[in-house]
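In: Fold the following.
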Amino acid sequence: MPLAKDIKNDIKAGKKIWLPWWAVLCLIIGALPVVWLFDHFGKLNLFLPTFNCIAVLGFAIAVKRKLRRHTWFWGMMTILAALHVPLILFVPWTTKWVPATAIAAIDSADLIVMLTILSVVGKFMEGSKTAEMSAPRF
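Out: Numbering: from 1, shown residues only. Coordinates of the predicted model:
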């Protein structure tokens, strides 16, 4: 099962990624105007799901950074981001407190699904490249 091995390797690579304190501080400072913007339009309850989706998409890009030169990778990331838009807009998000472990579990599941999709598409794209290279040209 090479797919399961790819996913395990991606999870191991993800565990090694750490943001320095100044990067976390920049993210917090950068998020403050966005929080104000969501609050201004009366949609403060959408900030956390939006921020989490952006963070998970960014983390998936960081884990799969070796694929950043492939067009199909950016196409898949665009599709995955587009699939998150209805999730954010149409799920009734609460304004009440939600435990961090629940949010982390949802984000982790989302990340694993994205990494799996990227691995499957990557295997498919590698297979088509190999078939093109081995096919006789006339």
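In: How about the contacts made by the most centrally placed residue in the chain?
Out: The centre of the chain sits closest to L57, judged by C-alpha atoms, centre = their mean, with a distance of 2.2 Å. L57 makes contacts with 77, 80-81, 84, 114, as judged by C-beta atoms under 8 Å, 6 or more residues apart in numbering. The C-beta positions use only the backbone N, C-alpha and C, and glycine is treated the same way.
In: Could you tell me which of these count as buried?
Out: 77, 80, 84, 114 (16 or more other C-beta atoms under 10 Å).
In: Just the element for P92, please.
Out: Under the criterion DSSP states H and E, no helix or strand holds P92.
In: So it versus V121, what's the distance?
Out: 31 Å (C-beta to C-beta, to the nearest Å).
In: Out of those two, name the residue with the larger neighbour count.
Out: A direct count of neighbours by other C-beta atoms under 10 Å for P92 and V121 places V121 higher, at 17 against 5.
In: The more buried one and T71 touch, don't they?
Out: No - the pair V121 / T71 is not scored as a contact, 11.8 Å apart, by C-beta atoms under 8 Å.
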